[in-house]
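# Provide a 3D model corresponding to the input given below.
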Amino acid sequence: MYRIGARFNASLLQWCCLGAAILFCVAVAFELNGSSVGIWRELLTEPGPARGLTFSTPKRIRVDEWGVWTPSALSQARQKPAFSTENSNLGAGRSALLMNVPVAYYTTLFRPQFFGFFVFDFERGFSFYWCAKFFGLLVAASWALRQIGVSSRLLVVFGGVWVLLSSYVQWWFSSPAMLPDMLASWFVCLGCAVRFFDDQHLGKTVIRLLCFIFFGINFVLCLYPPYQIPLALLFIGVVVGVWRESRAHIEVVSIIRVSVLFAVALIAIVLILLPFWFDVRSTLAVVANTVYPGMRRSSGGGLSFFKLFSGVLGFFEYEQSHPAVYDNISEASNFYPLWPAAAFIVLTSRLRAKMPISPLLAMLAIFLIGSSLYCVVPLPEWLLRITLLNFATEPRALLALGIANVLFCCLFLDRYRTAILSGRSVAAGGILLWLGILVMLWCARTQDAVYFSDPWHWIQPLAIAALILSLFFWERLRYRLLPVVLGLLLISSNGAINPVMRGLSPLLDSAAFNAINRIRSAHPEDKWIVYHTRYFAQLVKATGATVFNGTKIVPDLPLMRQLDPSGANEFVYNRYANIGCEVSRLSHEASASLVYPDYYIWFLPPDLPALSESGYRYVLIPKEWPEAAAYRFVLVEKVSPGDLWIYRREK
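Residues are numbered from 1 along each chain as shown. This is a model prediction of the structure:
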């Protein structure tokens, strides 16, 4: 029986990799994806269930996917030429190179997740992109855990599942910041980097060096510093920890070799990205001078203790149910914080049993404690500048904290398999941590009495915490039971957060999309303005038509200044933003009003000369527009279902 178990454990990774490859191919063949594009059926009041929906339900909160990224990718595919580096629908300048959408540009050679858009039709390319995100992250995380020293194949697979199915990753899975793609690239670079220390085989070293360069470029091109900076600091911490662990059997020559490899890799990445830099530096200069996010800086201390450890609530959460201290369920998501329990045992083992603490575990613990302090305590400005954390944000630092939590716990479970603590210490540790969770929830109740008035929001997290902590401190069975139980909890709780769709039928086959696309095809040079809703601006964008509003990651300052010659509204529109439009009723001058840091509204007379001179001929409004004739617009088409009214300016 032992031999059968050992044989199964030895082949577990191979079977998992084979299974992932087969599922990847099957999913792409059937055009499966995780988009919440089914929400368009609700917005357009299309009858019946969302076409193509196979599993779970589309999530409205994933608007940055179904309402921003997916229409932007469709807009890219419908440009002339396709996948252009410049697309005013995305923003001014070469915004397409900054937004993580498919672009016909040399850097796409280093972004395998986009390959499908250039090989298949759009819907199958979209499926390839989604599957690359899902399976790529699972495989990359598992492989990296193996490289940093996790010997148990069970823990390697469990760690990959933990990363992939944590509520933070799943609720942010489809954000334009490319979180899964960024993480997968980071894990590959980490795995390659730590193997530089002990791999003496020339061929393998060259392959790992090339992989580091390839995926390092992909990581850089994700271009979202609030995620990338904390992950880069964690990368340095892990590499230093591995080096210190290997120092006893690494010669001076090997250290020099590793230093040369890192230098070659970084120089290669810089040289390969130099043409990209020259092409986007003017656009980046505009971004750097925006009010948001260009001038945003962090001083630390933006999170409460509850928000830092809110992962204890991270099972069986729903879009409509989250603590009121958060704006939405995505902001409420986190990783389950098991590292304090592991750190307690590691420290107790050091004090009582004189067990040495591994340098890698020590570096991970330093990162976890330091990052936690950054999240809850304001830090000196000089320290933030040195670490570049002033360009990060505390909520986004939770990603690197969560990944460090997974690495620390998997290494701990792998290395601390024997019983160490006395029965009294086991009981004291488990009860103390469980009471800490209870106190934290009780304190949170004072800020959100409504949410915590539901007994389920108390009983469920406390019961799960009791189960996990009991297994964690049950030292004889911890290694065997905890990964299985926690893995099943992650799968059953978070596996349905993102739906499974076949194709993009709710958007592409809708009456509204086809009507707008038909008009766009007849008048491809004419531009559009959408009033009363920013969502339908994205619908128009998806057809390839040029739209004034919607989501723009770089402001078109020359056009904005034509609408606002005095510059009175520049603070409002000089930002990355979701832009809404309303017809100005009290004046024939344009004005803008800020609603959120990333959302503002233009009060815009549609007959402004600046708009006419710029080619804006069409107006789309989700209701009848009685004043259209007064502005010299005529009705072109009424689209049903959806109740969309399309008007055209008379010449």
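# Please make it C-alpha for all contacts and neighbour counts, starting now.
Will do.
# what's the neighbour count on Leu635?
17 (other C-alpha atoms under 10 Å).
# What's the mean pLDDT across stretch 450-467?
The average pLDDT for stretch 450-467 rounds to 90.
# Now do the buried residues in that stretch.
451-452, 457-458, 461-462, 464-466 (16 or more other C-alpha atoms under 10 Å).
# Where helices are concerned, which of those count?
Mapping these onto helices (DSSP state H) picks out 451-452, 457-458, 461-462, 464-466.
# Contacts for stretch 187-197 next, please.
Contact with stretch 187-197 is made by 140-141, 143-145, 147-148, 205, 208-209, 211-213, 215-216, 235, 239, 242-243, 246, 250, 254-255, 258, 261-262, as judged by C-alpha atoms under 8 Å, 6 or more residues apart in numbering.
# which of the residues you listed are buried?
Taking 16+ other C-alpha under 10 Å as the criterion, what is buried in the contacts of stretch 187-197 is 140-141, 143-145, 147-148, 205, 208-209, 211-213, 215-216, 235, 239, 242-243, 246, 254-255, 258, 261-262.
# from the ones in helices among the buried residues of stretch 450-467, which is closest to Ile420?
Each of those was scored against Ile420 by C-alpha to C-alpha, and Ala466 proved nearest at 20.6 Å.
# any idea how far that closest one lies from Gly430?
Ala466 is 8 Å from Gly430, where distance means C-alpha to C-alpha, to the nearest Å.
# try Pro225
Relative to Gly430, and taking C-alpha to C-alpha, Pro225 is found at 37 Å.
# The two: who's more crowded?
Gly430 (22 against 18).
# That one contacts Leu469, doesn't it?
Yes - using C-alpha atoms under 8 Å, Gly430 is in contact with Leu469, at 5.8 Å.
# Need the residues touching each of these two.
Residues touching both Gly430 and Leu469 by C-alpha under 8 Å, 6+ apart: Ala341.
# And the strands in the stretch 551-651 of the chain?
Here the stretch 551-651 of the chain has its strands, by DSSP state E, counting those that start in this stretch, at 577-582, 591-596, 599-603, 616-621, 633-639, 644-649.
# For the host helix or strand of Lys541, output the C-alpha coordinates as CSV.
Lys541 is part of helix 535-542 when elements are defined by DSSP states H and E. What follows is helix 535-542, C-alpha atoms only, in CSV (Å, rounded to 0.1, in the frame of the first residue of the first chain):
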residue,chain,number,x,y,z
TYR,A,535,-21.6,51.0,-20.6
PHE,A,536,-23.2,51.5,-24.1
ALA,A,537,-20.2,53.6,-25.1
GLN,A,538,-18.2,50.4,-24.6
LEU,A,539,-20.8,48.5,-26.7
VAL,A,540,-20.2,51.0,-29.6
LYS,A,541,-16.4,50.7,-29.0
ALA,A,542,-16.7,46.9,-29.5
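# other SSEs contacting it?
Helices and strands touching helix 535-542, by 3 or more C-alpha pairs under 8 Å, 6 or more residues apart in numbering; DSSP states H and E, are helix 70-77, helix 511-522, strand 527-530, strand 546-547, strand 550-552.
# Extract the CA atoms of the host helix or strand of Phe408 and return them as PDB.
Per DSSP H and E: Phe408 is located in helix 394-415. Presented in PDB, the C-alpha positions along helix 394-415 are these (Å, rounded to 0.1, in the frame of the first residue of the first chain):
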ATOM      1  CA  GLU A 394      -1.900  49.000   0.200                       C
ATOM      2  CA  PRO A 395      -4.900  47.100  -1.200                       C
ATOM      3  CA  ARG A 396      -2.800  45.900  -4.200                       C
ATOM      4  CA  ALA A 397       0.100  45.000  -1.900                       C
ATOM      5  CA  LEU A 398      -2.300  42.200  -0.600                       C
ATOM      6  CA  LEU A 399      -1.400  40.200  -3.700                       C
ATOM      7  CA  ALA A 400       2.300  39.900  -2.900                       C
ATOM      8  CA  LEU A 401       1.400  39.300   0.800                       C
ATOM      9  CA  GLY A 402      -0.900  36.500  -0.300                       C
ATOM     10  CA  ILE A 403       1.600  34.900  -2.500                       C
ATOM     11  CA  ALA A 404       4.200  35.100   0.300                       C
ATOM     12  CA  ASN A 405       1.700  33.500   2.600                       C
ATOM     13  CA  VAL A 406       1.300  30.600   0.200                       C
ATOM     14  CA  LEU A 407       5.000  30.100  -0.200                       C
ATOM     15  CA  PHE A 408       5.700  30.300   3.500                       C
ATOM     16  CA  CYS A 409       2.900  27.800   4.400                       C
ATOM     17  CA  CYS A 410       3.800  25.300   1.700                       C
ATOM     18  CA  LEU A 411       7.500  25.300   2.700                       C
ATOM     19  CA  PHE A 412       6.500  25.000   6.400                       C
ATOM     20  CA  LEU A 413       4.200  22.100   5.700                       C
ATOM     21  CA  ASP A 414       6.900  20.400   3.700                       C
ATOM     22  CA  ARG A 415       9.700  20.900   6.300                       C
END
